[in-house]
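Novice: Here is my input, please return the structure:
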Amino acid sequence: MTPGRTVSDILTRLKTLRAADAPTQGGRVLAYVYDSGRERVDFLAAEAAEITRPLNGLDPTVFPSVATMERELIGFVRRNVHGNRHVYGTVTSGGTESCLLAVKTARDLWRRENPDAAATTRPRLVAPDTAHAAFRKAAGLFDLEWDPVPCGPDGTAHAEDIIDHLDSDVALVVVSAPSYPTGTIDPIAEVAAAAAARGIRCHVDACFGGLVLPWWPGVPDWDFRVRGVTSISADLHKFGYAPKGVSVLLHRGRRQHRAQFFATARWPGYPVVNPTLLGSRSVSPLAAGWAITQYLGDDGFAELTATIARVAQAIVAEVASIRGLMVLGNPVGPAITVAADTHLHVAERVDPHRLADELGRFGWRIQHQPGFTQSDGTRIPRSAHLTLTPVLEESLPEFLTALVAAADSVRGKPPASGALGAFALRALGYSENRVPSPRAAAILLRLAGAGTVRPNQPMAGLMALIEELPAPVAEVLLIEVLAQLTEP
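Specialist: Sure thing, here's the model as predicted:
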């Protein structure tokens with residue numbers, strides 16, 4: 001029997017473990033974390049989370065503070081995305097859950113409204129290839145046919161291409177504000193209008209931009225002002241600066257909102273009513289998100305957004321001056337994606353994955369994105385994603401200096417290639433129709449030197465291998481990489 005440790009020993013070890021993590025404050029990680037740069041915001045979030053830590057969001061009739069905070073948080077988001085009193089919402093555990101619930105709700109309503117077709121047809125979920133992967137997950141979980149629409153080579157979605165996919169068997173069409181891979185806003189008004197004309201629901205995934213775009217200058221209408229938009233998701237744990245995980249899902253109309261719920265009185269226990277996929281829910285993220293919106297208000301969010309807009313303008317200008325590097329697409333909001341400038345000779349190009357690895361040596365982390373070949377053969381190139389936060393303005397000169405130095409260091413260096421590894425796997429018989437077992441995947445990863453993830457590990461080689469492999473094989477290897485991290 002293992003004896004318990006002292007409080008001091010446990011906390012000391014936890015601090016030691018945390019020291020190996022990438023920094024979550026200061027803006028040096030341009031993905032995953034969202035730092036307002038305001039100590040008061042972090043203090044308030046921590047205090048609100050601790051005060052509500054013992055509560056269970058499962059039953060707000062027992063803990064009425066939960067209902068009050070949720071009601072006020074939904075009201076704040078609803079007002080800023082121009083929802084009227086006929087827009088209803090729910091606080092979820094994060095963007096993925098909001099996306100899943102939007103899809104499940106649309107599927108259930110489509111089945112009710114089309115009982116004859118539902119008996120023989122799987123409804124389709126239509127979205128651009130740049131839509132968040134959570135929607136592909138939702139299609140698999142809720143038995144919809146995933147119908148992705150190819151985008152242009154810069155990741156731009158075209159309205160006419162999406163509209164061509166709309167028919168009576170479509171339960172939901174998804175557009176993004178903005179899309180995560182490129183930071184580009186999809187043609188929401190055109191798609192939503194076409195969907196409305198066909199009686200199809202249209203979800204705007206604003207998980208990333210929902211707490212920024214309301215204050216961003218020059219953004220075309222993308223929210224409930226647009227006829228045909230039937231639901232919107234917006235994450236508070238992104239640019240609401242709350243701890244993970246808290247998001248809001250809004251529906252146009254009480255009937256659609258109520259279709260999201262699960263309720264049963266068909267068991268001998270307490271009556272179960274769940275608005276989300278979870279039963280018991282931590283209230284701490286909700287309380288933190290609520291407290292931050294109460295503190296910042298519209299003016300605070302507008303000020304923080306203006307800071308991000310200045311950072312974005314400066315980085316776009318700097319990238320334009322770096323030979324061999326370019327901004328991909330037409331980003332609007334807090335994300336920028338960079339790619340190699342293919343108009344130049346290969347000796348002058350800056351490979352974005354080499355750039356990302358090199359920036360890691362300078363103490364900055366940006367996110368690798370593999371190249372992606374779409375169903376029509378159009379390829380979106382490999383790229384690197386930068387999530388921009390207000391705190392980055394404080395260290396912007398240092399970041400820009402590192403960006404230039406990293407680009408100079410890798411300019412003309414050949415991109416990493418996964419061709420040899422892919423050839424070896426194909427020679428072993430692995431393909432879309434035959435993937436490695438978990439044991440075989442573990443062996444293959446060890447042979448490739450990718451079996452253990454280390455801090456600041458160069459990722460260009462792994463990304464290149466992902467690009468070359470059939471998707472089912474790559475996915476098995478990626479699962480193994482992550483699963484092994486937590487094996488006792």
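Novice: What residues of the helix or strand of the chain with the lowest mean pLDDT count as buried?
Specialist: Least confident helix or strand, the chain: helix 438-447 with a mean of 82, by mean pLDDT, DSSP states H and E. Buried residues in helix 438-447, counted by 16 or more other C-beta atoms under 10 Å: 440-442, 444-445. Placement of C-beta: from N, CA and C, glycine included.
Novice: So which elements touch that helix?
Specialist: helix 471-485 (3 or more C-beta pairs under 8 Å, 6 or more residues apart in numbering; DSSP states H and E).
Novice: Run the angle between the helix it packs on and helix 438-447 for me.
Specialist: Counting by axes from the mean of the first three to the mean of the last three C-alpha atoms, to 10 degrees, helix 471-485 lies at 80 degrees to helix 438-447.
Novice: can you pull the buried residues of helix 471-485?
Specialist: Result for helix 471-485 [16+ other C-beta under 10 Å]: buried residues 473-474, 476-477, 480-481, 484.
Novice: from those residues, which single one is nearest residue 93?
Specialist: residue 481 (24.5 Å; C-beta to C-beta).
Novice: domains of the protein?
Specialist: Domain ranges of the chain: 47-292, 304-410, 419-485, per automatic domain parsing.
Novice: Among the ones you listed, which comes closest to residue 26?
Specialist: Nearest to residue 26 among these is domain 304-410 (6.3 Å), distances taken as C-beta to C-beta.
Novice: end to end, how far does that closest one reach?
Specialist: 34 Å (C-alpha to C-alpha, to the nearest Å).
Novice: quick one: average pLDDT of stretch 4-15?
Specialist: Across stretch 4-15, pLDDT averages out at 92.
Novice: Same question for stretch 249-259.
Specialist: 97.
Novice: hang on, the earlier thing: among the domains of the chain, which is nearest residue 39?
Specialist: Ranking the domains of the chain by proximity to residue 39 (C-beta to C-beta) places domain 304-410 first, at 10.6 Å.
Novice: Please compute how far that closest one lies from its chain's middle.
Specialist: 18 Å (C-alpha atoms, centre = their mean, to the nearest Å).
Novice: Stretch 75-89 too?
Specialist: Using C-alpha atoms, centre = their mean, the offset of stretch 75-89 from its chain centre is 22 Å.
Novice: cool, and stretch 177-184?
Specialist: With C-alpha atoms, centre = their mean, you get 9 Å for stretch 177-184.
Novice: Ok, stretch 464-472 next?
Specialist: 21 Å.
Novice: and the residue nearest to residue 184 when sequence neighbours are not counted, how many residues sit next to it?
Specialist: Sequence neighbours aside, residue 329 is the residue nearest to residue 184 in space, at 4.4 Å (criterion: C-beta to C-beta, 6 or more residues apart in numbering). By other C-beta atoms under 10 Å, 25 other residues sit near residue 329.
Novice: Isn't residue 329 up against residue 186?
Specialist: No: Residue 329 is not in contact with residue 186 according to C-beta atoms under 8 Å; the separation is 11.1 Å.
Novice: picking up where we left off before, turn the buried residues of helix 438-447 into a markdown table, including distance to residue 374.
Specialist: Listed next are those as a markdown table, based on distance: C-beta to C-beta, whole Å:
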| residue | distance to residue 374 |
| --- | --- |
| 440 | 29 |
| 441 | 26 |
| 442 | 31 |
| 444 | 27 |
| 445 | 27 |
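Novice: Among those, pick out the one closest to residue 393, please.
Specialist: For the buried residues of helix 438-447, the residue nearest residue 393 by C-beta to C-beta is residue 445; the value is 39.7 Å.
Novice: any weak-confidence spans in the stretch 101-250 of the chain?
Specialist: Counting by pLDDT under 70, the stretch 101-250 of the chain contains no low-confidence residues.
Novice: in it, which spans are helices?
Specialist: 115-118, 133-141, 159-163, 188-197 (DSSP state H, counting those that start in this stretch).
Novice: how distant is the shortest one from the center of its chain?
Specialist: If I follow you right, that is helix 115-118. Worked out by C-alpha atoms, centre = their mean, helix 115-118 lies 33 Å from the chain centre.
Novice: Name the residues of that helix that are buried.
Specialist: Buried residues in helix 115-118, counted by 16+ other C-beta under 10 Å: residue 118.
Novice: same thing with stretch 193-210?
Specialist: Quick answer for stretch 193-210 (16+ other C-beta under 10 Å): 193-196, 200-210.
Novice: which one of the residues you listed sits closest to residue 228?
Specialist: Of all the buried residues of stretch 193-210, residue 228 sits closest to residue 196, with 3.4 Å by C-beta to C-beta.
Novice: Which residue is the nearest non-sequential neighbour of the closest one?
Specialist: residue 228 (3.4 Å).
Novice: That neighbour and residue 190 touch, don't they?
Specialist: No: Residue 228 lies out of contact with residue 190 (C-beta under 8 Å); the separation is 9.5 Å.
Novice: Which one's more surrounded, those two?
Specialist: residue 228 (20 against 17).
Novice: In contact with that one, which residues are there?
Specialist: Contact analysis of residue 228 by C-beta atoms under 8 Å, 6 or more residues apart in numbering lists 191-197, 202.
Novice: what do you get if the cut-off is 10 Å, keeping everything else the same?
Specialist: 173, 188-198, 200-202, 252 (C-beta atoms under 10 Å, 6 or more residues apart in numbering).
Novice: Look up how far residue 114 lies from it.
Specialist: Relative to residue 114, residue 228 is positioned 19 Å away (C-beta to C-beta, to the nearest Å).
Novice: picking up where we left off before, export the helix or strand just after the least confident helix or strand of the chain to CSV, keeping only CA atoms.
Specialist: Following helix 438-447 in sequence order, the next helix or strand is helix 460-468 (DSSP states H and E). Provided in CSV are the C-alpha atoms of helix 460-468 (Å, rounded to 0.1, in the frame of the first residue of the first chain):
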residue,chain,number,x,y,z
ALA,A,460,8.5,19.2,-39.6
GLY,A,461,9.3,15.5,-40.2
LEU,A,462,6.2,14.1,-38.6
MET,A,463,4.0,16.7,-40.4
ALA,A,464,5.6,15.7,-43.7
LEU,A,465,4.9,12.0,-43.0
ILE,A,466,1.3,12.8,-42.3
GLU,A,467,1.0,14.6,-45.6
GLU,A,468,2.3,11.6,-47.5
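Novice: Following the chain onward from the helix or strand where residue 12 lies, which element is next?
Specialist: If you go by DSSP H and E, residue 12 is part of helix 7-18. For helix 7-18, the following helix or strand on the C-terminal side (DSSP H and E) is helix 39-51.
Novice: distance between stretch 75-94 and the chain's centre?
Specialist: 19 Å.
Novice: So which bits of that stretch are buried?
Specialist: Buried-residue list, stretch 75-94, by 16+ other C-beta under 10 Å: 76-78, 80-83, 87-94.
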